[in-house]
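> Below are the sequence and a predicted model for it; my questions follow.
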Amino acid sequence: MEMKTHIIIFFALMIITTGTGFAQDISQSEVPEAVIRSFNEKFPKASDVEWERKGELYEVDFDMGFFADHDAWFDASGNMTRHKEEIAKKDLPKAVTDAITTQFSEYRIDDVDKITENGKVSYKVELEKGSNERKVYFSENGTFIR
């Protein structure tokens, strides 16, 4: 019984340390100056700024205007590698709304995120049908990604 308890404790500690090891909340003073400068240039009206370190990248969660939720990832040199922003359904490209209407006609659009990663734009759309929920991804031209 003691060995079993030790094994359970060991695995519980592994899960806890692994979960916190990948992402770590940090204060702005721990963020490289190049990252802060780049962030402030790209998002001068950002509010409610929270920083996190994920491996070699710095993730910043912040609000801007009515559709508040934004996340941006920067490398240590200040290059933005990814930006995710919540957008209104009406701001989805027509090709994406047409694809959803065709491929997921029984679902309604709930939330929409525009994701720009390494210069490529895609859209994450949360769809609902009753209690059934799906997250689907489309390219700008309406091609289903996953």
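Sure, I can see it.

> what about the residue nearest to residue 35 when sequence neighbours are not counted, how many neighbours?
With sequence-adjacent residues excluded and distances taken as Cβ to Cβ, 6 or more residues apart in numbering, residue 35 is closest to residue 74, at 4.6 Å. To be clear about C-beta, it is placed using only N, CA and C from the backbone, and glycine gets the same treatment. The burial count assigned to residue 74 is 24, neighbours taken as other Cβ atoms under 10 Å.

> And for residue 50?
Neighbours around residue 50, by other Cβ under 10 Å: 14.

> Now do the residue lying closest to it once chain neighbours are set aside against residue 94, distance only.
Counting by Cβ to Cβ, 6+ apart, residue 50 lies nearest to residue 61, which is 4.7 Å off, once chain neighbours are set aside. Remark: distance between residue 61 and residue 94 (Cβ to Cβ, to the nearest Å) = 30 Å.

> who has more neighbours, the two?
Using other Cβ under 10 Å, the more surrounded residue of residue 61 and residue 94 is residue 61, with 16 against 8.

> Not counting its own residues, what contacts the host helix or strand of that one?
Using DSSP states H and E, the element containing residue 61 is strand 57-63. By Cβ atoms under 8 Å, 6 or more residues apart in numbering, the residues outside strand 57-63 that reach it are 23, 26, 31-32, 35, 39, 43, 46-53, 69-76, 81.

> for the residue nearest to residue 35, what are its contacts?
Contacts of residue 74 (Cβ under 8 Å, 6+ apart): 35, 38-39, 57-58, 60, 80-81.

> Repeat that for residue 99.
By Cβ under 8 Å, 6+ apart, the contact set of residue 99 is 138, 142-144.

> swap the cut-off to 10 Å and go again
By Cβ atoms under 10 Å, 6 or more residues apart in numbering, the residues touching residue 99 are 92-93, 123, 125, 136, 138-139, 141-144.

> May I ask which helix or strand encompasses it?
helix 94-103.

> One more: residue 124?
With DSSP H and E as criterion, residue 124 is part of strand 120-129.

> how much space between residue 124 and residue 32?
Using Cβ to Cβ, one gets 28 Å for the distance from residue 124 to residue 32.

> Compare those two and say which is more crowded by neighbours.
Taking neighbours as other Cβ under 10 Å, residue 124 and residue 32 compare with residue 124 leading, 17 against 14.
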